[in-house]
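Peer 1: build me a model from this:
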Amino acid sequence: MLKSFSEIYALAEAATKDTSKFVSLFAEGGYFYDVGAGKKYYRKDIGYTVDLYASAFPDMHRELYNMYFQDDLVVVELSLNETHHGDLAIPGGVIPPTK
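Peer 2: Below you'll find the model as predicted:
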């Protein structure tokens, strides 16, 4: 059993990534909203996003700021900190690495 949101998000960190376990923690209908890309990812597409970002940003680290809870809704406010080493394919096209 996971004890904290930090442990949950560690499953998505490039160094400790366990994509299938991370995805399994989302409830039916749960999603990851990529605000920058303007897209919501559901179920298996959540895993695709975790793997995509880990490939483009192999040193990615998530810094958790706030968590909000209401009934069965959880919102996590965080920043993604990383160096852009690989192609990042988003709905608007491919962003090449900056390093």
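
Peer 1: who touches the helix or strand hosting Glu7?
Peer 2: When elements are assigned from DSSP states H and E, Glu7 belongs to helix 5-10. Helix 5-10 is contacted from outside by Leu2, Thr16, Phe22, Leu25, Arg62, Leu64, Met67, Val76, Leu78, using CB atoms under 8 Å, 6 or more residues apart in numbering. In this view, the C-beta of every residue, glycine as well, is placed from N, C-alpha and C.

Peer 1: now those residues: which count as buried?
Peer 2: By neighbour count, with 16 or more other CB atoms under 10 Å, these hold Phe22, Arg62 as buried.

Peer 1: let's have the contacts of helix 5-10 in JSON lines, adding secondary structure and pLDDT.
Peer 2: Output for the contacts of helix 5-10, formatted as JSON lines (DSSP: H, G, I helix; E, B strand; the rest coil; pLDDT from 0 to 100):
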{"residue": "Leu2", "secondary structure": "coil", "pLDDT": "53"}
{"residue": "Thr16", "secondary structure": "helix", "pLDDT": "77"}
{"residue": "Phe22", "secondary structure": "helix", "pLDDT": "87"}
{"residue": "Leu25", "secondary structure": "coil", "pLDDT": "85"}
{"residue": "Arg62", "secondary structure": "strand", "pLDDT": "83"}
{"residue": "Leu64", "secondary structure": "strand", "pLDDT": "84"}
{"residue": "Met67", "secondary structure": "strand", "pLDDT": "85"}
{"residue": "Val76", "secondary structure": "strand", "pLDDT": "84"}
{"residue": "Leu78", "secondary structure": "strand", "pLDDT": "85"}
